[in-house]
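Undergrad: Got a sequence here, can you model it:
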Amino acid sequence: GVGAAVVSLPGQQFAPASLVSQADGKLLVAGTAVPSDGSGDSDFLLLRLNADGSPDTSFGTNGQVTLDFQNTDDVAGGVIQLADGKLLVFGSTEAVNPTLIADRPDTDLAIARLNADGSLDTSFHSTGTLTLDLTPIRFQAYGDARARARDQRSPQAPVGVQEDRKDEFCPESLDEPPDQ
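TA: Numbers count the residues shown, from 1 in each chain. Take a look at the predicted model:
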């Protein structure tokens, strides 16, 4: 074999953002799915493939999990497998009642925690998902480029990074002011 797999996603365009190779040889791909015909919003899409490249049907529905945070455009930034086997997926979601920042709607941080089978872990924020309004910051997640948010347990917790715009900032630490 050539070491490649082709996954058919009828009716969707898919932009992968992150890949995790799991200890059992399975691959987990996180990205953003958009309807091919342009109808509807983008959502997080996770795919889990067996070592042979076939969909892992024990994960989500036929190897796929779709996450829609606020019925607005969602952009997946990445996925991390936690020590207990659960998955932490993060990215951005367009704010429901957006404030325009530089003539564009602001975005919120979107986080979901999934069980190993792809179901939402409802012990995380009671629903398995969490959105955080970061107004006036326009948040945009990108795979491995992550801003750092300070919290008492981990001063370097990975979160995401904003678009590179002069009127917006993405601090390495929330204690530091933005560059002007």
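
Undergrad: Mean pLDDT per helix and strand in the protein: which one sits at the bottom?
TA: Within the chain, confidence by mean pLDDT, DSSP states H and E is lowest for strand 148-149 among all helices and strands, at a mean of 28.

Undergrad: what about Gly118, how many residues close to it?
TA: 19 (other C-beta atoms under 10 Å). Yep, even glycine has a C-beta here, placed from its N, CA and C like the rest.

Undergrad: quick one: the closest residue to it other than its chain neighbours from Leu47, how far?
TA: Nearest residue to Gly118, sequence neighbours excluded (C-beta to C-beta, 6 or more residues apart in numbering): Gly60, at 3.5 Å. In this view, Gly60 and Leu47 are 9 Å apart by C-beta to C-beta, to the nearest Å.

Undergrad: One more: Leu114?
TA: Leu114 is 13 Å from Leu47, by C-beta to C-beta.

Undergrad: ok, now Glu94?
TA: From Glu94 across to Leu47, the span is 23 Å (C-beta to C-beta).

Undergrad: Of these two, which one has the most company?
TA: For Glu94 versus Leu47, neighbours defined as other C-beta under 10 Å are more numerous around Leu47 (25 against 20).

Undergrad: which secondary structure element contains that one?
TA: For Leu47, the enclosing helix or strand under DSSP states H and E is strand 43-49.

Undergrad: Alpha carbons only: can I get that strand in PDB?
TA: Presented in PDB, the C-alpha positions along strand 43-49 are these (Å, rounded to 0.1, in the frame of the first residue of the first chain):
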ATOM      1  CA  ASP A  43     -19.200  22.700  11.900                       C
ATOM      2  CA  PHE A  44     -16.500  20.800  13.600                       C
ATOM      3  CA  LEU A  45     -16.100  17.300  12.100                       C
ATOM      4  CA  LEU A  46     -14.000  14.600  13.700                       C
ATOM      5  CA  LEU A  47     -13.100  11.400  11.800                       C
ATOM      6  CA  ARG A  48     -11.600   8.300  13.400                       C
ATOM      7  CA  LEU A  49      -9.900   5.800  11.000                       C
END
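
Undergrad: Fine, thanks again, bye for now.
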